[in-house]
Structures are given as structure tokens and as C-alpha cells.
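predicted coordinates and the sequence they were generated for:
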Amino acid sequence: MIKPFEFLLTTKIIYGADSLEQIYQEVKSLGLRKVMIITEPKLIRLQLVAKLEKALGDINYVIYDEIEQNPKDYNITKAAKEARKHCVDGIISFGGGSPIDAAKIIAVLAAQGGNIKDYMHKKATVQRSLPVISVPTTAGTGSEVTFSSVITDTEEKYKHTIKSPLLASKVAIVDPLLTLTVPPSITATTGIDALTHAIEGYTSLQSEPIAEALGLKAVKYIAGSLEKAVKDGNDIEARDRMMMGSLMAGLSFSHSDVGAVHCMAEALGSMYDAPHGTCNAVILPYVMEYNLVKAAKKYANIANYMGVYGPNELMTASEGVEHIKILSRKIGLPNIKSLSVNPEDFHLLSEMSEKNAATHSNPRVINKEEYYKIFTRAFADS
Ligand SMILES: [Fe+2]
């Protein structure tokens with residue numbers, strides 16, 4: 001039977017060493033007169049924003065650096081107000097997942113107006129946006145090529161995903177050299193986020209052949225280079241592979257979906273305001289153990305792409321999960337206790353996970369009772 005699907009192409013990707021230098025031409029090509037750079041204070045301290053400013057030459061810009069980790073509703077409201085005040089006609093997002101996710105919805109609010117909560121609660125739909133050029137400085141988020149923004153409702157303490165093709169960046173400038181200064185711990189947690197995107201994008205019930213191909217190849221790139229990138233941040237080949245893997249994984253999951261790992265990680269991130277990569281890292285192997293029986297063939301393929309082989313499909317799949325656990329230990333990833341979780345919260349966290357739309361994309365049917373068991377298992381194992 002021929003399985004129908006759609007695959008939307010929206011973002012021009014410019015990939016390469018020093019590709020940041022091409023941003024001037026891209027801003028000019030889009031006809032932008034004044035842009036807002038949305039970034040993080042630490043990137044100003046690291047002089048990375050200075051590199052961007054140099055590349056922008058005589059282009060008029062303002063810098064906004066007040067986006068927090070797990071971007072909050074009030075971050076978006078304030079930034080959109082600033083964008084309007086400065087009459088910018090385009091946005092450059094520069095940083096990890098937080099500024100890029102934030103920038104995409106700030107661009108909508110700046111162009112269309114409205115209240116961020118209405119978009120989060122699906123009372124308003126995205127109709128138009130300022131053009132966004134995204135420049136990732138970590139290999140993890142994939143947000144530079146996705147159609148979504150994940151924003152925290154601070155009253156509910158719940159992460160909402162706003163999805164629309166109109167949120168997509170016009171241009172993604174992906175320069176692996178920008179990740180050279182990322183410290184080992186962040187390389188590890190953002191890298192596991194990318195690996196999770198690749199695995200969930202490939203195994204999602206929404207996947208199709210293109211998303212599968214991108215996800216599987218991303219597994220190979222990421223699993224083969226993550227340890228090297230963590231151990232030696234200046235390993236340019238490893239940084240290149242990680243950036244390419246992150247990009248391909250982003251393309252994969254944005255066209256299929258994520259699954260139970262992200263449902264649980266977003267619940268943890270909402271409740272404890274913990275980094276997204278860390279939340280994925282502490283959960284990934286336990287969800288894989290749960291999914292194993294229903295996704296054995298795909299999990300065996302994942303294992304093979306990590307260089308792991310076994311006597312049969314199920315054992316290969318199982319060895320693959322072990323391989324990820326070993327990799328996690330080698331790169332010093334934290335466990336769930338490091339997030340200071342309270343087991344009394346597991347019931348609420350399980351309900352939050354079940355409420356996440358991506359629950360329905362997980363390759364094995366999952367409900368709050370199963371989520372509870374996985375949280376408990378991850379806690380007992382740490
Ligand atoms: Fe993620």
C-alpha cells in the first residue's frame with residue numbers, strides 16, 4: 001500500500017565553517033532595514049555576539065538578551081514590545097534552543113500583535129510573522145528548522161508547543177565553528193537532546209520515509225561523535241558531525257513528531273525549570289526500554305547505526321539501549337535525582353506527560369500509569 005504524506009520545505013539552510021559571514025547578504029536579500037538580535041547574555045560574554053555584530057557590518061540592529069532558559073510567557077511579551085518600539089522589520093535568533101524558540105514567536109507577536117497566552121492556548125492562530133534568520137550556537141535544539149516554539153505558561157507551570165509553518169525561520173545559518181566554545185557538560189546534554197530528536201523522529205507513529213532517513217542518519221552522526229565532542233571541544237570533525245546530526249534530527253522530528261521522552265522531559269522542565277537537554281538525558285533510556293517491544297525493528301536499526309549488532313532483532317535493539325546508557329555515563333550525564341525531583345510529584349508529572357500532544361506519536365501506547373512507572377524506574381535506578 002502506498003502511504004501518503006506531506007513534507008513541507010520552508011527554510012533556506014546555509015551550512016559550513018564561517019557560514020555566519022553570509023548573514024549580511026541574507027539580511028540584504030530579505031530587504032530588512034533594521035533587525036533585532038535575540039540572544040543570551042553568556043554569548044555576549046563569550047564574544048560570540050561580537051562575531052555576529054562584525055558580520056552584520058552596516059546593518060542597523062538592536063540586541064535583546066533577556067530570554068530565560070525554558071522561555072517564559074512574560075519573556076515573549078516584553079521582547080515583542082521592544083521589537084515594536086524599535087520598529088524592527090526582521091529578527092535574528094542567535095543561541096541555543098531558548099532564544100531560537102522564543103524569537104520565532106516574538107516575530108509573530110511583533111507582526112500580528114495579540115497576547116502570547118492566546119497563542120499558547122490555541123485561541124489565536126499564527127497569520128503572519130517578521131522574517132527570522134536563525135543561527136544556532138549549540139548542536140542540539142534543531143529549532144532553526146522546526147515549525148514550533150515551546151513556551152512555558154508561568155501560572156500553570158506547563159510548557160505549551162505553538163506550531164505553525166509560519167513559525168519557520170526564513171534562513172538557518174548553521175556554522176559548526178560557533179559550537180567550539182560550548183563547555184563539555186552543555187555539549188553532552190544538548191547532544192542527547194539531538195539524539196532524542198533523531199530517535200523519536202525516526203520511531204514516531206507520524207514518521208514517513210524522509211523523516212526516517214534523516215533521523216536514522218542523524219543517529220549515526222550524533223552517536224559516533226558525541227563522546228569525542230565532549231572530550232575535546234576543539235575536535236572540528238566531531239563538532240561538524242554533531243551540528244549536522246542536530247540539523248538532520250530537527251528536520252526529522254519537525255516533520256514527524258517527538259514521543260514519550262519529550263512528553264516527560266517537558267513536564268520535568270516545566271515543574272523544575274531544568275535544562276531541556278538534561279531532562280531528556282535522564283529519561284531517554286527508560287522510555288526506550290518501555291518502547292522496545294513495539295519498535296524492535298526500528299530500535300535494532302538504531303543500534304546498527306550506532307555500530308551495535310546482536311544475534312536477533314530484539315537483542316540488537318536491547319543492546320542499543322544499553323549502548324546509550326553506557327554513552328550517557330561516559331559523557332558524564334546526570335541522573336533524575338540531580339534535578340532534585342520529589343517522587344511525590346510523579347503523579348502530577350505523569351498527568352502532565354499524558355496531556356502532551358506528542359503522547360499519541362509514541363510508538364507504544366502510553367498513559368499516565370505507564371509514565372508513573374517510568375519516572376519511578378528512572379528514580380530507583382539513579
Ligand atoms: Fe528537544
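Structure's in. What do you need?

all contacts plus neighbour counts: C-alpha atoms, from now on.
Fine.

would you mark the buried spots in stretch 123-136?
125, 126, 129, 130, 131, 132, 133, 134, 135, 136 (16 or more other Cα atoms under 10 Å).

which residues touch that stretch?
By Cα atoms under 8 Å, 6 or more residues apart in numbering, the list of residues contacting stretch 123-136 from outside reads 20, 30, 89-97, 100, 103-104, 107-112, 114, 118-119, 144, 164, 166-175, 178.

try stretch 91-104
Against stretch 91-104 from outside (Cα under 8 Å, 6+ apart): 35-40, 43, 49, 67-71, 76, 107, 130-138, 140-144, 148-151, 167-169.

just the buried ones from those?
35-40, 43, 49, 67, 69-71, 76, 107, 130-138, 140-144, 148-151, 167-169.

sitting in strands, which of these do you find?
35-38, 132-136, 148-151 (DSSP state E).

just the strands in the stretch 251-382 of the chain please.
Under the criterion DSSP state E, counting those that start in this stretch, the stretch 251-382 of the chain carries no strands.

can you give me the helices in it?
260-272, 276-291, 296-305, 313-330, 346-355, 368-380 (DSSP state H, counting those that start in this stretch).

out of the ones you listed, nearest to residue 220?
Nearest to residue 220, of all these, is helix 296-305, at 5.1 Å by Cα to Cα.

what's that closest one packed up against?
Contacts defined by 3 or more Cα pairs under 8 Å, 6 or more residues apart in numbering; DSSP states H and E place helix 296-305 against helix 184-203, helix 209-231, helix 313-330.

buried set for that helix?
Buried positions in helix 296-305, judged by neighbour count with 16+ other Cα under 10 Å: 296, 297, 298, 299, 300, 301, 302, 303, 304, 305.

now distance to residue 8 and pLDDT too, for those residues, in TSV please.
Formatted as TSV, these follow (distance: Cα to Cα, whole Å; pLDDT from 0 to 100):
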residue	distance to residue 8	pLDDT
296	29	97
297	27	98
298	24	98
299	26	98
300	29	98
301	26	98
302	25	98
303	29	98
304	29	98
305	26	98
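
name the residue most distant from the centre of the chain?
residue 311 (34.1 Å; Cα atoms, centre = their mean).

below-threshold pLDDT in this structure: ranges please.
Nowhere does the chain drop to pLDDT under 70.

can you list the domains in it?
Annotated domains of the chain cover 13-179, 184-380 [automatic domain parsing].

which non-adjacent residue is nearest the residue sitting nearest the centre point of the chain?
Closest residue to the average C-alpha location of the chain: residue 141 at 2.8 Å, with Cα atoms, centre = their mean. Counting by Cα to Cα, 6 or more residues apart in numbering, residue 141 lies nearest to residue 97, which is 5.0 Å off, once chain neighbours are set aside.

that older thread, how much space is there between the residue farthest from the centre of the chain and residue 118?
Going from residue 311 to residue 118 by Cα to Cα, to the nearest Å gives 53 Å.

what of residue 248?
As judged by Cα to Cα, residue 248 and residue 118 stand 31 Å apart.

try residue 259
25 Å.

those two: which is more packed in?
Between residue 259 and residue 118, residue 259 has the larger neighbour count (other Cα atoms under 10 Å), namely 29 against 11.

how about the residue nearest to residue 16 when sequence neighbours are not counted, what does it touch?
Nearest non-adjacent residue to residue 16, counting by Cα to Cα, 6+ apart: residue 175, 5.2 Å away. With Cα under 8 Å, 6+ apart as the criterion, the residues that contact residue 175 are 15, 16, 17, 18, 19, 20, 135, 136, 137, 243.

quick check on residue 175: phi, psi?
The phi/psi pair for residue 175 (degrees, to the nearest 10) reads phi -120, psi 100.

ok, back up a step: out of the domains of the chain, which is closest to residue 1?
domain 184-380 (13.4 Å).

between the two ends of that closest one, how far is it?
27 Å.

and residue 282, how many neighbours?
Using other Cα under 10 Å, residue 282 has 27 other residues around it.

that one and residue 251: what is the separation?
24 Å.

got CSV for the domains of the chain, with distance to residue 2 too?
Output for those, formatted as CSV (distance: least, Cα to Cα, whole Å):
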stretch, distance to residue 2
domain 13-179, 25
domain 184-380, 11
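
these: which one's closest to residue 6?
For residue 6, the closest of the domains of the chain is domain 184-380, at 8.5 Å, according to Cα to Cα.

and the gap between residue 248 and residue 272?
The gap separating residue 248 from residue 272 is 29 Å, by Cα to Cα.

and these two? Which one has more around it.
Of the pair residue 248 and residue 272, residue 248 is the one with more neighbours under other Cα under 10 Å, namely 27 against 14.

so the more buried one sits against residue 216, correct?
No. Here residue 248 does not reach residue 216: they are 9.1 Å apart, not a contact under Cα atoms under 8 Å.

quick check: neighbours shared by those two?
In terms of Cα under 8 Å, 6+ apart, residue 248 and residue 216 are both contacted by the residues residue 198.

distance from stretch 147-167 to the middle of the chain?
Stretch 147-167 has its C-alpha centroid displaced from the chain centroid by 13 Å (Cα atoms, centre = their mean, to the nearest Å).

for it, which residues meet the burial criterion?
So stretch 147-167, judged by 16+ other Cα under 10 Å, has buried residues 147-153, 158-163, 166-167.

and the gap between the closest residue to residue 148 other than its chain neighbours and residue 4?
Once flanking residues are discounted, residue 148 sits nearest to residue 163: 4.4 Å by Cα to Cα, 6+ apart. Distance of residue 163 to residue 4, computed by Cα to Cα: 21 Å.

could you do residue 318 as well?
For residue 318, the distance to residue 4 equals 31 Å [Cα to Cα].

which of the two has more neighbours?
Each of residue 318 and residue 4 has its neighbours counted (other Cα under 10 Å); residue 318 has more, 21 against 6.
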